[in-house]
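In: build the 3D model from these lines:
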Amino acid sequence: MKHKNNKLWFRSVIVALICFIITMALQLTGLFSFFENKTYDRRMIFASKYKTACDDISFIIVDQESIDWAKENYGWGWPWPREAYGKMINFITAGNAKSVAFDILYTEPSIYGDSDDEALSQAQEESGIVIQALNVLVDYQNGTEKGQPPVKQIKDSAAMLGAVVSAKDDDDIVRRGRIEYEYEGTVYPTLGTAPIFMEGNQDELKKIPRLEDGTVLLRYQKDIDEYHPSSAYDILHSYDIYNGDVELEEDEFYYEPDEFEDKYVFVSYYAPGLYDICSTPVSQVFPGVGVHITTLDNYLTGKFLRKAPDIIVYFWILILSVLGAFFVAFATTRNSQKTTVIFMAIGFVVGITLAIAIPYFMFAAGIWLLLVAPFVAFFLSFLISVALSLSVEGKQKRFIKSAFSQCLSKDVVNQIMNDPSSFTLGGKNFQMTAIFTDIQKFSSFSELLTASQLGSLLNYYLTKMSDIIIDEHGTVDKYEGDAIVALVGAPVEMTDHASRACAAAIKMKKAEAVMNAEIVQIAGGEKPANMEQDLYDAFKIMVANKKVIFTRIGMNSGEMIAGYFGSENKKNYTMMGNNVNLASRLEGVNKQYHTNGILISAATHDLLGDEFVVRSLDRVRVVNVNTPLRLYELLETKQEATPELLKYVETWEKAFADFEAKDYQKAADQMNALASQNESDNVVRYYLELLNDFFLKGKYPVAADDVGVEYNPEDSVFKLLQK
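Out: Numbers count the residues shown, from 1 in each chain. Purely as a prediction, here's the structure:
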């Protein structure tokens with residue numbers, strides 16, 4: 001037994017070293033960079049809870065409230081005259097602030113004339129503490145850059161220029177900041193460090209821990225509002241009171257200039273659509289000025305993050321590699337199978353906890369220690385050790401296999417291993433798009449074909465259609481005879497689920513046309529060598545009876561539940577909810593409107609950009625659904641649409657607008673013109689029948705007319721009378 005244990009421990013050392021080497025090789029190739037960045041962001045959010053904003057920084061924002069107030073009180077349109085910022089400078093300077101940094105670009109002369117630029121310039125010159133922004137546009141791909149300094153008057157009167165240029169990572173997230181930036185041979189401080197340069201303390205910046213490229217790791221607040229931003233209108237109003245231009249009303253809030261005594265002040269746009277937005281670890285919509293504020297804050301509080309030295313990182317990876325193998329070795333030496341499993345589970349939890357918790361707590365303390373590579377080292381070492389243990393130790397292998405086989409099938413076990421959390425009864429709410437398809441008059445196919453011929457034809461059809469759905473990241477829920485029930489947007493969430501579903505639908509209709517042509521071609525010749533006889537015979541019968549495949553598709557988007565439903569012994573991944581039922585209804589509504597085959601709901605339409613060509617149809621109440629909804633026919637992608645189609649749809653929309661406006665004669669005239677342009681447009685013919693039989697005669701279709709719809713003139717909604 002002792003000899004056996006010695007071999008076990010020796011094997012563990014070898015496994016640990018191999019895993020260490022593999023992990024180091026993967027780390028040095030940059031394979032883990034993406035995942036490390038994501039854990040970095042999560043740790044930043046965690047650490048931001050323990051970071052207090054520096055009290056020496058003030059933040060003034062030109063928000064929408066300020067713009068509205070200035071319009072009402074000063075009559076200022078947008079953009080404001082630059083004298084407004086001059087007033088703010090005068091007020092802040094009167095309070096003996098240390099600096100005023102503007103994250104606002106004055107690269108063009110004022111639209112109010114030279115005197116307006118002169119007003120701001122004079123205020124800057126008298127202040128002596130104003131920092132203006134030098135914007136640098138960097139084209140990293142071509143290695144070029146273009147500077148955008150303020151206009152000459154403003155540039156010359158500013159105490160200093162601060163460069164505003166980001167240090168984005170490959171995923172466009174700003175985790176790092178710059179201390180200075182060299183442009184055309186001149187080194188400029190950034191907007192966040194310019195106040196330190198202006199004070200003559202730039203040598204102190206050399207003590208900041210920097211990365212190899214000279215950037216610094218920023219430690220963010222959880223939100224820019226932690227700096228308690230003041231609205232520009234409060235400053236302007238307080239200036240008017242301070243200057244004696246307006247009287248102070250009773251209990252009115254206002255600032256005294258000394259509110260800004262010894263403060264580093266930043267001024268920035270903050271109204272929607274005006275300010276620069278960047279992605280940071282704490283927010284995807286973080287104002288750009290916040291990066292500069294964070295840089296100064298980190299300097300003043302000494303809270304810049306430090307990257308752990310490489311030697312520490314490598315040692316940490318080695319430790320976790322050893323722990324992964326040793327935990328398994330220790331568990332394997334236990335006396336019983338039950339104890340072995342318990343110790344393996346405990347060891348795994350302890351190792352994973354260490355791999356995650358220590359980097360988190362070190363991050364909160366200001367040190368960035370890699371998380372992903374050490375985690376992978378432990379996991380790989382543990383997994384390989386378990387695999388070796390199971391292959392060598394027959395007892396453990398039989399125990400684990402027996403334990404799983406008693407309660408789960410082989411396929412389910414494999415899926416649980418890939419994603420254990422996915423196999424729970426019930427589902428999860430997703431924003432997604434449901435797709436229902438059906439072949440028109442398929443029952444007539446069944447009357448002509450034998451069961452085997454019908455099965456071969458369905459396999460031919462369903463395979464091509466399903467592949468299209470899957471290629472667009474959709475999931476085929478089930479087949480119901482010739483019908484396909486599918487979804488896009490689960491089990492993996494997608495923001496573009498509606499676009500993908502519509503792209504799939506258009507491709508399916510185009511594939512349908514190809515299939516129909518292929519059926520005619522094959523039926524007219526000899527049977528291909530690789531084709532089943534039943535499928536060939538089905539093609540021949542279809543052509544002889546002039547049968548073609550016509551697919552109706554209905555789609556709806558919204559919140560639906562998707563997940564595994566059933567019993568503990570048998571589960572199917574499916575979807576459910578009212579929005580699913582509505583998609584099912586829309587598939588059948590194609591028949592009522594004689595569409596080319598694709599109907600989408602307003603919910604789906606509203607999620608699409610301008611990449612698709614659609615035409616508006618009625619507002620309807622479908623069977624068993626009382627809430628009216630707008631229908632749209634999906635026609636083509638914008639990229640593939642011909643100019644003639646685009647013009648045709650434009651004309652249709654005008655005609656349909658007249659129809660809904662109850663200008664029936666005008667609508668009929670336009671629709672007759674459309675019908676003459678495109679005799680195969682059965683939607684136009686459908687509406688012309690309604691107009692000629694009812695609306696132009698001053699009456700509306702009702703249930704007794706047996707036209708499939710009933711019109712309610714009070715709300716202009718059609719009620720569908722059949723599914």
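In: point out where the chain drops to low pLDDT.
Out: 1-6, 250-252, 335-337, 391-426, 568-571 (pLDDT under 70).
In: show me which positions of the strand of greatest length in it end up buried.
Out: In the chain, taking DSSP state E as the definition, the longest strand is strand 551-566. Buried positions in strand 551-566, judged by neighbour count with 16 or more other C-beta atoms under 10 Å: 551-558, 560-564. C-betas here are computed from N, CA, C, even on glycine.
In: any idea which helix or strand comes after that strand?
Out: Elements were assigned by DSSP states H and E; along the chain past strand 551-566, the next helix or strand is strand 571-576.
In: ranges for the strands of the stretch 551-700 of the chain?
Out: For the stretch 551-700 of the chain, strands defined by DSSP state E, counting those that start in this stretch occupy the ranges 551-566, 571-576, 598-601, 612-621, 629-637.
In: the second one: which residues count as buried?
Out: Yep, that's strand 571-576 we're talking about. By neighbour count on 16+ other C-beta under 10 Å, the buried set for strand 571-576 is 573-575.
In: how big is the angle separating it from strand 551-566?
Out: Between strand 571-576 and strand 551-566, the angle comes out at 130 degrees (axes from the mean of the first three to the mean of the last three C-alpha atoms, to 10 degrees).
In: and strand 571-576, what other elements does it pack with?
Out: Under the contact definition 3 or more C-beta pairs under 8 Å, 6 or more residues apart in numbering; DSSP states H and E, strand 571-576 sits against strand 426-439, strand 474-480, strand 551-566.
In: direction included, what does that strand pair against?
Out: strand 551-566 (antiparallel) (DSSP bridges).
In: export only the CA atoms of the strand it pairs with, formatted as PDB.
Out: Below are the C-alpha coordinates for strand 551-566, written out as PDB (Å, rounded to 0.1, in the frame of the first residue of the first chain):
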ATOM      1  CA  THR A 551     -44.500  27.300 -46.900                       C
ATOM      2  CA  ARG A 552     -46.400  29.600 -44.600                       C
ATOM      3  CA  ILE A 553     -44.300  31.200 -41.800                       C
ATOM      4  CA  GLY A 554     -45.500  33.100 -38.800                       C
ATOM      5  CA  MET A 555     -43.200  34.900 -36.300                       C
ATOM      6  CA  ASN A 556     -43.600  36.800 -33.100                       C
ATOM      7  CA  SER A 557     -41.100  38.200 -30.600                       C
ATOM      8  CA  GLY A 558     -41.300  38.900 -26.900                       C
ATOM      9  CA  GLU A 559     -40.800  37.300 -23.600                       C
ATOM     10  CA  MET A 560     -41.300  33.600 -23.600                       C
ATOM     11  CA  ILE A 561     -40.300  30.700 -21.400                       C
ATOM     12  CA  ALA A 562     -37.800  28.200 -22.700                       C
ATOM     13  CA  GLY A 563     -36.300  25.200 -21.000                       C
ATOM     14  CA  TYR A 564     -36.600  21.500 -20.300                       C
ATOM     15  CA  PHE A 565     -40.100  20.400 -19.500                       C
ATOM     16  CA  GLY A 566     -41.500  17.000 -18.800                       C
END
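In: in JSON lines: the helices and strands packed on strand 571-576, plus distance to Lys510.
Out: Formatted as JSON lines, these follow (distance: least, C-beta to C-beta, whole Å):
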{"stretch": "strand 426-439", "distance to Lys510": "14"}
{"stretch": "strand 474-480", "distance to Lys510": "16"}
{"stretch": "strand 551-566", "distance to Lys510": "11"}
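In: of those strands, which is nearest Thr93?
Out: Closest approach to Thr93 among these (C-beta to C-beta): strand 426-439, 51.3 Å.
In: and that closest one, what does it pack onto?
Out: When contacts are defined as 3+ C-beta pairs under 8 Å, 6+ apart, strand 426-439 sits against helix 451-471, strand 483-488, helix 497-523, strand 551-566, strand 571-576, helix 578-593.
In: look at stretch 241-249 and report the distance between its end residues.
Out: 10 Å (C-alpha to C-alpha, to the nearest Å).
In: buried residues of it, list them for me.
Out: Applying 16+ other C-beta under 10 Å to stretch 241-249 flags 241-242 as buried.
In: show the backbone phi and psi for Asp171.
Out: When read as degrees, to the nearest 10, the backbone of Asp171 gives phi -90, psi 20.
In: just give me the neighbour total for the residue lying closest to it once chain neighbours are set aside.
Out: Nearest non-adjacent residue to Asp171, counting by C-beta to C-beta, 6 or more residues apart in numbering: Asn37, 6.1 Å away. Using other C-beta atoms under 10 Å, Asn37 has 17 neighbouring residues.
In: after the helix or strand encompassing Asn37, which helix or strand is next?
Out: Secondary structure assigned from DSSP H and E places Asn37 in helix 33-48. Going down the chain from helix 33-48, the next helix or strand is strand 57-62, by DSSP H and E.
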